[in-house]
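Student: Model the following, please.
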Amino acid sequence: MPKIADIENTPNPNALKFILKEPLTWGIAHSYDNAGQAGDDPLAAALFAIEHVTNVFYVDHWITVTQDGAADWQELKRKIAEPIRSAPAADERSAQLAATARPEAEMSEDDRARLDRINDLLDAEIRPYLQGDGGDVYVLSLEGNKLTVHYQGACGSCPSSLSGTLAGIENLLKSIEPEIEVVAE
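Tutor: Predicted coordinates:
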């Protein structure tokens with residue numbers, strides 16, 4: 001049962017980042033834009049059952065919850081804390097098994113190498129900042145020169161992620177892939 005160590009504001013005024021003492025996962029991100037996507041995830045389902053919760057994103061030692069803007073954060077924080085504290089801590093073995101199903105398996109060797117370089121650059125230059133703000137960016141696909149990404153957590157509904165951050169990612173990636181176009185879904 002994870003204990004909450006701290007709660008941080010994010011650049012998105014409708015999202016809070018809960019820092020945990022125990023991990024919820026071991027490197028596997030869980031991102032849900034609505035209750036229907038939460039499916040068999042008991043933590044996400046419990047959070048979506050709370051009125052005003054619109055997005056749930058968690059990985060390792062933190063969870064970001066986004067609201068619709070109509071709730072008072074003081075009251076909502078107390079409601080959100082209960083399912084987080086009731087959630088089971090991460091099982092490292094099941095996380096390792098889940099990590100084996102990757103969409104890159106269907107790519108050519110050259111495209112996998114390109115995607116690895118792209119992810120290495122995102123890991124070094126972009127993701128630490130997004131994660132620090134309670135979000136992340138996930139690569140959905142690489143088709144030719146088109147890289148499709150999905151923002152997660154606080155970044156998913158933050159206006160700057162769909163404008164400035166997306167342009168910054170594309171400009172950075174052009175240093176290794178000059179013809180790349182980055183789009184968000």
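Student: Give me the secondary structure label for Ile7.
Tutor: Under the three-state scheme (DSSP: H, G, I helix; E, B strand; the rest coil), the conformation of Ile7 reads as strand.
Student: For it, give me the pLDDT.
Tutor: Per-residue confidence for Ile7 comes out at a pLDDT of 95.
Student: Next, count neighbours for it.
Tutor: Burial of Ile7 is recorded as 14 neighbouring residues (other Cβ atoms under 10 Å). In short, each C-beta sits where N, CA and C put it, glycine included.
Student: Run the chain-centre distance for the helix or strand hosting Leu47.
Tutor: With elements delineated by DSSP states H and E, Leu47 resides in helix 42-48, which encompasses its position. The chain centroid and the centroid of helix 42-48 are separated by 16 Å under Cα atoms, centre = their mean, to the nearest Å.
Student: With stretch 21-34 instead?
Tutor: Average the C-alpha atoms of stretch 21-34, do the same for its chain, and the two points are 8 Å apart (Cα atoms, centre = their mean).
Student: Name the surrounding residues that touch that stretch.
Tutor: 1-5, 38, 41, 43-44, 48, 54-61, 63, 87, 89-90, 92, 95-96, 98-99, 136, 138, 150, 152-153, 156 (Cβ atoms under 8 Å, 6 or more residues apart in numbering).
Student: Please check those residues and keep the buried ones.
Tutor: 2, 4, 38, 41, 43-44, 48, 54-61, 63, 87, 90, 95, 136, 150, 152-153, 156 (16 or more other Cβ atoms under 10 Å).
Student: Strands of the protein, residue ranges please.
Tutor: Taking DSSP state E as the test, the strands found in the chain are 4-9, 15-20, 30-32, 53-59, 62-67, 135-143, 146-153, 181-184.
Student: closest one to Ala167 among these?
Tutor: In this view, the strands of the chain are compared for proximity to Ala167 by Cβ to Cβ, and strand 181-184 is the closest at 8.5 Å.
Student: now for that closest one, which elements pack on it?
Tutor: Here strand 181-184 touches strand 146-153, helix 164-173, going by 3 or more Cβ pairs under 8 Å, 6 or more residues apart in numbering; DSSP states H and E.
Student: Give me the average confidence score over that strand.
Tutor: Strand 181-184 carries an average pLDDT of 91.
Student: And stretch 40-49, by the same measure?
Tutor: Per-region confidence: stretch 40-49 scores 95 on mean pLDDT.
Student: C-alpha coordinates for that stretch, CSV please?
Tutor: Only the C-alpha atoms of stretch 40-49 are listed here, as CSV (Å, rounded to 0.1, in the frame of the first residue of the first chain):
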residue,chain,number,x,y,z
ASP,A,40,-9.2,-3.8,-15.5
ASP,A,41,-7.0,-1.3,-13.5
PRO,A,42,-8.6,-1.1,-10.1
LEU,A,43,-6.7,2.0,-9.0
ALA,A,44,-7.6,4.0,-12.1
ALA,A,45,-11.2,2.8,-11.9
ALA,A,46,-11.4,3.9,-8.3
LEU,A,47,-10.0,7.3,-9.2
PHE,A,48,-12.4,7.8,-12.1
ALA,A,49,-15.3,6.9,-9.8
